Structure formats: C-alpha cells, structure tokens
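Colleague: here you go, sequence then predicted model.
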Amino acid sequence: MTHPFSQFSVKDFDKHNCLKISIWYYLALAFLVKGYVVALLSLSNMRDKLGFIRYVYPDPQVFYTSLLVGLPGLLLFALLMARRPNAANWVQRIWPRFYWLVAIAMLIDMALTWGMYALLGWGDSRQALIQTALAILLLVILKRDRRANINLQEFPELIEQEK
C-alpha cells in the first residue's frame with residue numbers, strides 16, 4: 001500500500017505543511033458564484049458595463065436570481081478563506097464536511113435553475129441542462145479527486161520556524 005502523499009511533490013504543499021487546496025474546489029465555488037463572476041467581469045469593462053451581463057443573462061430576472069442562488073457559494077468561499085491556523089472552532093468542525101456543503105449548494109442551484117425554467121419560464125432548457133451537467137460533473141470529479149479528499153482530512157497548524 002502506498003502512502004497517500006506519495007504522488008505529490010514538495011511544491012504541492014503550503015507553508016503549513018498541508019496539501020494545497022484542489023483546483024476543483026475553486027472551480028466548484030466559481031460555478032456556484034457564477035452570477036458574481038459575471039458581474040465583476042462586466043464591471044471591469046470600461047465601455048459597456050452591462051453588456052457582458054446582458055450577453056450571459058439576456059433575462060435580467062435570471063441574473064438577479066443567479067446572484068441570490070450564489071449566496072451559499074459566497075459563504076463557502078468565506079469558509080475556504082477562513083481555513084488557516086488558529087481558525088475558530090466552528091471552522092475546524094465544519095471543514096471536513098466541505099464537500100457535502102458544496103454538494104448541497106449545487107443541489108440548491110440546480111433546483112432553483114429548474115424551478116425558474118419550469119415554473120416561471122425564465123431561461124431555457126438548454127441552459128438548465130448544461131448547468132446541471134456541469135454541477136454533476138464537478139461533484140463527481142471532487143468526490144474522486146485524491147487531493148480534494150486529502151484536503152478535507154487536513155487542517156493547517158502553525159509550524160515553528162527554526163532560528
């Protein structure tokens with residue numbers, strides 16, 4: 001049986017001797033806060049600040065709903081940023097459940113996307129199908145990714161520096 005860290009190099013660890021967070025967690029969070037990402041990208045356009053938002057979200061109601069749906073993703077991003085040595089006890093207790101919190105946020109995102117389409121007629125079925133497929137794909141990759149699983153088992157601790 002090989003050691004779980006045997007496939008990683010020294011560059012894969014941070015200054016707290018923990019494996020760096022999997023890129024798949026960052027992509028999952030970006031997916032969850034996609035409305036905010038689109039808003040930031042749109043605001044960075046100096047000529048037409050609303051053009052990119054209108055391109056990605058032709059229906060303004062879908063954009064505003066995307067911002068509302070992205071709130072759990074923002075909270076998860078805050079949790080990820082709070083993961084550091086001497087973090088509050090609640091952060092340390094919640095961290096091992098981070099995958100399941102992401103999964104719940106994705107399920108909420110999918111339910112609201114399909115609810116907007118089916119009940120309110122906002123958006124279209126292709127958009128809902130693509131978002132659902134991406135969410136499921138991200139969850140499967142996260143569940144199978146070795147780095148992502150190790151990330152949940154570790155929590156950063158202060159390491160004393162030699163003088």
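Modeller: Arrived safely.
Colleague: helices or strands up against the longest helix along the chain?
Modeller: Longest helix in the chain, counting residues (DSSP state H): helix 125-144. If contacts are counted by 3 or more CB pairs under 8 Å, 6 or more residues apart in numbering; DSSP states H and E, helix 125-144 sits against helix 23-32, helix 98-115. The C-beta positions use only the backbone N, C-alpha and C, and glycine is treated the same way.
Colleague: got those helices as a markdown table, with mean neighbour count columns?
Modeller: Shown next, in a markdown table, are the helices and strands packed on helix 125-144 (neighbours: other CB atoms under 10 Å):
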| stretch | mean neighbour count |
| --- | --- |
| helix 23-32 | 18 |
| helix 98-115 | 17 |
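Colleague: between these, which one is closest to residue 64.
Modeller: For these, the distance to residue 64 is smallest for helix 98-115, at 11.8 Å, taking CB to CB.
Colleague: quick check: angle from that closest one to helix 125-144?
Modeller: For helix 98-115 against helix 125-144, the angle by axes from the mean of the first three to the mean of the last three CA atoms, to 10 degrees is 170 degrees.
Colleague: give me the angle between helix 98-115 and helix 23-32.
Modeller: Inter-element angle recorded for helix 98-115 and helix 23-32: 30 degrees (by the same axes, to 10 degrees).
Colleague: and the helices and strands packed on helix 125-144 as JSON lines, adding distance to residue 143 and mean pLDDT?
Modeller: Below are the helices and strands packed on helix 125-144 laid out as JSON lines (distance: least, CB to CB, whole Å; pLDDT from 0 to 100):
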{"stretch": "helix 23-32", "distance to residue 143": "10", "mean pLDDT": "96"}
{"stretch": "helix 98-115", "distance to residue 143": "7", "mean pLDDT": "91"}
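Colleague: and the pLDDT for the residue nearest to residue 28 when sequence neighbours are not counted?
Modeller: In space, and not counting its chain neighbours, residue 28 is closest to residue 138: 4.8 Å by CB to CB, 6 or more residues apart in numbering. Per-residue pLDDT puts residue 138 at 97.
Colleague: for the one 5 residues further on, same thing?
Modeller: Note for residue 143: predicted pLDDT of 96.
Colleague: how near is the residue positioned nearest the centre of the chain to residue 81?
Modeller: The centre of the chain sits closest to residue 29, judged by CA atoms, centre = their mean, with a distance of 1.3 Å. From residue 29 across to residue 81, the span is 10 Å (CB to CB, to the nearest Å).
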